[in-house]
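Asks: The sequence and its predicted three-dimensional model are supplied below.
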Amino acid sequence: EAAKEQGLDQRQSYLTDFAKYQEQLSRNYVYEDNVTAQMVEQAYKRSKESLKTSHILILCNWDATPQDTLVAYNKAKELRQMVLNTPDNFNDIAAKYLEEPKADESRGSLDHFTVFEMVYPYESVAYNLKVGEISDLVRTQFGYHIVKLEDRRPVLPKRTVSHIMIGTRFDSLDTAKDRIMEISGLLEKGVAFEDLAKQYSDDKNTGINGGLMRPFTKGDLKAPPFEDAAFALTQKGQISAPVQTRFGWHIIRLEDMGKSPTFEDEEERLTKMVKLGDRAKIVTTAVSQKIKEELGFQAYPYKSSFMAVLNDSVFNRKWRFVPFENKENRLLFTIGTKTYFYNDFGAYLE
């Protein structure tokens with residue numbers, strides 16, 4: 001307020017600097033929007049395909065010491081060379097060396113996945129592989145991965161079906177089969193599907209709605225026999241023969257074949273996911289790098305000595321800086337023609 005009363009906000013020098021600041025800020029926002037838009041478009045394209053991969057993981061989180069990180073890296077590097085020499089033995093090697101629970105059972109094989117269902121570095125590498133190709137080492141928050149692309153297939157439009165399920169949790173497999181066959185016979189006699197679902201289905205969540213399920217595509221339910229039977233139906237109202245899954249026996253009716261969403265349909269949802277997920281870090285890094293380039297930022301390799309004098313008190317503004325002496329006061333970074341030494345930055349932080 002005092003500055004305004006003195007008219008400082010009307011000075012030409014202030015107005016010029018403020019205009020430059022506004023222009024710089026607007027350019028950064030535009031650039032951020034452009035990067036976000038590119039990642040949304042990438043996500044949409046990837047959503048059209050589902051991938052199946054195998055991997056070998058050597059655990060090493062971000063907090064690991066440099067020594068432990070190097071050990072993990074070298075181990076992963078050796079394993080990658082091993083699988084490159086004998087690519088047909090990838091899953092045998094994974095079963096022996098993969099560092100995750102039940103590795104001997106999974107043998108490194110993962111379920112099909114699509115966009116946003118894996119951490120971004122893993123997803124990006126997988127989508128850029130050809131079927132049968134083995135990746136270089138992939139670093140994530142879990143450690144070092146070696147990825148092999150096993151299969152890629154188009155993501156089919158989500159279908160809506162209703163089903164009647166007779167589970168095997170309480171009945172034997174034979175009893176459940178007898179019951180589903182009885183229900184199949186009632187359907188052939190003209191009894192309404194909805195009525196039978198409400199009365200007999202062991203899936204109570206859908207039974208109360210006449211067996212109606214949420215839309216899904218292949219891979220969503222993790223029940224291949226059910227999904228295959230549902231996607232084999234070709235006409236609305238068509239009813240399948242009884243189908244056995246690990247949950248029990250099912251009869252499926254097709255309600256809607258669905259349509260593939262357009263980019264416009266998905267743009268808002270994908271934009272939110274890009275901004276909330278680990279892709280947001282990619283956007284922030286790209287914008288930061290752009291700003292550094294425009295300002296002529298250059299860092300020097302002496303940061304470690306300065307970081308050694310910092311502690312947690314800097315976060316609550318209780319840290320006190322002791323200036324470096326002469327030769328110890330090294331150059332930390334430059335911005336354009338301006339240079340900043342340890343003592344400059346230390347005084348700023350304090």
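Replies: It's in. Numbering: from 1, shown residues only.
Asks: pLDDT weak spots in this structure?
Replies: Counting by pLDDT under 70, the chain contains low-confidence ranges at 1-33, 283, 287.
Asks: now with 80?
Replies: Scanning the chain with the threshold set as pLDDT under 80 gives 1-34, 277, 281-295, 303, 312, 314-317.
Asks: now the helices for it?
Replies: Shown for the chain, the helices assigned by DSSP state H span residues 2-5, 12-46, 66-85, 90-97, 103-106, 120-127, 173-188, 193-200, 204-207, 224-232, 263-276, 279-295, 303-307, 342-349.
Asks: Which of these sits closest to residue 316?
Replies: helix 342-349 (12.4 Å; C-beta to C-beta). C-beta coordinates here come from the backbone N, C-alpha and C atoms, glycine included.
Asks: Now do that closest one: which elements does it pack against?
Replies: Applying 3 or more C-beta pairs under 8 Å, 6 or more residues apart in numbering; DSSP states H and E, we find helix 342-349 packed against helix 303-307, strand 331-335.
Asks: I'd like the distance from it to the chain centre, please.
Replies: Chain-centre distance of helix 342-349: 39 Å, with C-alpha atoms, centre = their mean, to the nearest Å.
Asks: residues making contact with it?
Replies: Defining contact as C-beta atoms under 8 Å, 6 or more residues apart in numbering, one finds that helix 342-349 is touched by 302, 305-306, 309-310, 314, 319, 321, 323-324, 328-330, 332.
Asks: so can I have JSON lines of these showing distance to residue 157?
Replies: As requested, the contacts of helix 342-349 are exported to JSON lines (distance: C-beta to C-beta, whole Å):
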{"residue": "302", "distance to residue 157": "57"}
{"residue": "305", "distance to residue 157": "59"}
{"residue": "306", "distance to residue 157": "56"}
{"residue": "309", "distance to residue 157": "60"}
{"residue": "310", "distance to residue 157": "54"}
{"residue": "314", "distance to residue 157": "54"}
{"residue": "319", "distance to residue 157": "58"}
{"residue": "321", "distance to residue 157": "61"}
{"residue": "323", "distance to residue 157": "66"}
{"residue": "324", "distance to residue 157": "64"}
{"residue": "328", "distance to residue 157": "66"}
{"residue": "329", "distance to residue 157": "65"}
{"residue": "330", "distance to residue 157": "61"}
{"residue": "332", "distance to residue 157": "55"}
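Asks: among the helices and strands packed on helix 342-349, which is the most enclosed?
Replies: For the helices and strands packed on helix 342-349, the largest average neighbour count (mean count of other C-beta atoms under 10 Å) is found in strand 331-335, namely a mean of 16.
Asks: Tell me if I'm right that residue 119 and residue 278 touch.
Replies: Yes. Because the distance of 6.2 Å satisfies C-beta atoms under 8 Å, residue 119 is recorded as touching residue 278.
Asks: what's near enough to touch residue 89?
Replies: Residue 89 makes contact with residue 83, according to C-beta under 8 Å, 6+ apart.
Asks: can you check residue 146 too?
Replies: Residue 146 is in contact with 55-56, 76, 79-80, 83, 134-135, 137-138, counting by C-beta under 8 Å, 6+ apart.
Asks: Run through the bridge partners of it.
Replies: Residue 146 has these beta-bridge partners by DSSP bridges: residue 56.
Asks: Kindly report the same for residue 248.
Replies: Taking DSSP bridges as the rule, residue 248 bridges to residue 167, residue 245.
Asks: what about it, how many neighbours?
Replies: 21 (other C-beta atoms under 10 Å).
Asks: Verify the stated contact: it with residue 169.
Replies: Yes. Residue 248 sits in contact with residue 169 when judged by C-beta under 8 Å, with a separation of 7.5 Å.
Asks: what's the overlap in contacts for the two?
Replies: Jointly contacting residue 248 and residue 169 under the rule C-beta under 8 Å, 6+ apart are residue 202.
Asks: Got the domain ranges for this protein?
Replies: Split into domains by automatic domain parsing, the chain comes to 1-41+266-295, 49-154, 160-256, 296-350.
Asks: hmm, back to that, want to try JSON lines for the helices and strands packed on helix 342-349, with distance to residue 208 as columns?
Replies: Formatted as JSON lines, those follow (distance: least, C-beta to C-beta, whole Å):
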{"stretch": "helix 303-307", "distance to residue 208": "61"}
{"stretch": "strand 331-335", "distance to residue 208": "64"}
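Asks: Pull stretch 52-59 out as CSV, backbone CA atoms only.
Replies: Taking Å, rounded to 0.1, in the frame of the first residue of the first chain, the C-alpha atoms of stretch 52-59 are listed here in CSV:
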residue,chain,number,x,y,z
LYS,A,52,1.4,-58.7,-22.0
THR,A,53,5.0,-58.7,-20.6
SER,A,54,7.3,-60.8,-18.6
HIS,A,55,9.9,-59.1,-16.4
ILE,A,56,12.8,-59.7,-14.1
LEU,A,57,13.0,-57.3,-11.1
ILE,A,58,16.0,-56.6,-8.9
LEU,A,59,14.8,-54.6,-5.9
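Asks: how close does residue 43 sit to residue 276?
Replies: In this view, residue 43 and residue 276 are 12 Å apart by C-beta to C-beta, to the nearest Å.
Asks: And residue 241, by the same measure?
Replies: According to C-beta to C-beta, residue 241 stands 43 Å off from residue 276.
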